[in-house]
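>>> mind folding the following:
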Amino acid sequence: MVLAIVLLLLVLGSIAFYFLSPWHLTPLASNWAAVDTTIQITFVVTGLVFAAVNLFLVYAIVRYRYRRDRRALYEPENKRLEAWLTGLTTVGIAALLAPGLFVWERFIAVPEDAQRVEVVGQQWHWSFRFPGEDGELGRVSTRLISEENPFGMDPEDPRGRDDVLVQSPRVRLPVDQPVQALLRSKDVIHNFQVAQFRAKMDLVPGHVSYVWLTPTRTGEFEILCAELCGIAHFAMRGMVEVVEPAEFEAWLAEQPTWGEMMARPEPDLQAGREHYATCVACHGEQGGGNRQLNAPALGGQDAWYVSRQLQNFRAGIRGQNPDDPYGGQMTAFARQLEDRAAIADLAAYIESLPVADPEPTVSGDPERGRRLYRTCAACHGADGQGHHAFNAPRLAGMSDWYLVRQLEHFKVDVRGAHAEDFYGNQMAHMARMLVDDEAVRDVVAYINTLPRRSGTEVAAAGGRDE
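Just a heads-up that it's a prediction; the model follows:
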């Protein structure tokens, strides 16, 4: 009888939890209400089966409980019962599958007037490509992907020159207009999901899949990777902003095309050196840094990373937290650079400086730090040389006291909490894996043992010095 009561309470509790639970589907923001209906049908069918099976167990336990005055009757076959079970199972399976088949028929039928956008996934980043005025997307190939050509655009294909490239994980879409998302992966299997849209699909390397939807309300909606794509899978996030069509068109016109990116001049190192004259007082003539002035080593740091940080300082994405007074100082200096060209020139000059070799100031256990660093190596490289494809800067040669401070800032949301700082947000998640101050010091102590070479030098040497 105890088991029967437990099963009965399980059924009643499960039904009550379903109706009273605060966890339900997020509010719908697309045309896929049919997906919600299909999910609800699935809940109803599986819920009825769950209740029926368990209530039958309760009945069987009570009705056929042990008694001394009777024996069990062995009946190996009961065709009538088998027919009922087969019929009910068939009806239940049909009720589960049929709605999904009707929805799937619509799910794969893309409207002819749909706005196309290519969604490109990579560990751990989203980027986007729109067709230009010709309405066609140019050819791409993973073999062509490089730091200068992150989308793998074919420079020989004239159709791609007007393609609009959005390298940020934030994208805008027009409201009340159908959109077809072409899905492509650079590396491993990812999954493009926006919970409010109810449309999701895998991104498979070497294959272009797709989903389509019509956003039905304006707002911001988070993009998640719903596939276990690597160690930082949970941090692979982006943002879809649904706006009015006129605002979308204005935003799209501001984004660079592939032709414009190819036409950009090479950075001017001499101009960068002139801009660096302002930085010398704190960071040193060769970018070696100065702890007394809270200026970290810069020499040899990757130009793409320096550019991004300067742009973040200029835009208020970094350096605005009152607990980061030194970041606030950098904001004022970054805003002295008048445009992106000036930032690119300065960043290229800093990269041309010799890799810094500051004196170690942090004490810790390098061996324990080596074990902790295995997580960091997935992005920053085994030698701390950095990896542009993962948006991970070089760590070897950085001022150790600065690394400690930044890890502490990431852990407490002093840095990386801004909505536009997607990569800082990823680092905040990863930094919290270092559970205490000792772990932070240990991993930084290990970074101090890494060779002071640029990523190019490490790659040319074929690995780390032993």
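
>>> make it CA atoms for all contacts and neighbour counts henceforth
OK.

>>> next one: phi and psi at Asp268?
phi -90, psi 110 (degrees, to the nearest 10).

>>> distance of it relative to Gly416?
According to CA to CA, to the nearest Å, Asp268 and Gly416 sit 31 Å apart.

>>> more crowded one of these two?
Gly416 (23 against 16; other CA atoms under 10 Å).

>>> tell me the contacts of the nearest residue to that one once chain neighbours are set aside?
Using CA to CA, 6 or more residues apart in numbering and skipping the chain neighbours, the partner closest in space to Gly416 is Gly424 (3.9 Å). When contacts are counted by CA atoms under 8 Å, 6 or more residues apart in numbering, Gly424 touches 410, 415-417.

>>> which of those residues has the most neighbours?
In these, the most neighbours by other CA under 10 Å go to Arg415, 25 neighbours.

>>> so that residue lies in a strand, does it not?
No - per DSSP: H, G, I helix; E, B strand; the rest coil, Arg415 lies outside any strand segment and is coil.

>>> the residue nearest to it when sequence neighbours are not counted: what secondary structure?
Nearest residue to Arg415, sequence neighbours excluded (CA to CA, 6+ apart): His409, at 5.3 Å. What three-state DSSP gives for His409 is helix.

>>> now the residue located most distally from the centre of the chain: which helix or strand?
Distance from the C-alpha centroid of the chain, by CA atoms, centre = their mean, peaks at Asp69 (66.8 Å). Using DSSP states H and E, Asp69 falls within no helix or strand.

>>> cool, and Ser30?
Counting by DSSP H and E, Ser30 is part of no helix or strand.

>>> wait, isn't it in contact with Phe197?
Yes - using CA atoms under 8 Å, Ser30 is in contact with Phe197, at 5.0 Å.

>>> what touches both of these two?
Jointly contacting Ser30 and Phe197 under the rule CA under 8 Å, 6+ apart are 213, 215.

>>> ok, the two, which is more surrounded?
For Ser30 versus Phe197, the count of surrounding residues by other CA under 10 Å is larger for Phe197: 22 against 19.

>>> from Asp36, how far off is the residue nearest to Gly416?
Gly424 is 34 Å from Asp36, by CA to CA.

>>> likewise for Leu395?
Leu395 sits at a distance of 47 Å from Asp36 (criterion: CA to CA).

>>> so those two - more neighbours on which side?
Neighbour count, other CA under 10 Å: between Leu395 and Asp36, Leu395 has more, with 23 against 13.

>>> please, which helix or strand holds the more buried one?
Under DSSP H and E, no helix or strand contains Leu395.

>>> phi, psi of it?
Dihedral pair for Leu395: phi -110, psi -30, per degrees, to the nearest 10.

>>> for the closest residue to it other than its chain neighbours, what are its contacts?
Leaving aside its sequence neighbours, Leu395 sits nearest to Gly384 (CA to CA, 6+ apart; 4.9 Å). Contact partners of Gly384, counting by CA under 8 Å, 6+ apart, are 377, 394-396, 447, 450.

>>> secondary structure class for Gly384?
coil.

>>> what's the pLDDT at it?
As summarised for this prediction, Gly384 has a pLDDT of 89.

>>> one more: Glu112?
Value for Glu112, per-residue pLDDT: 88.
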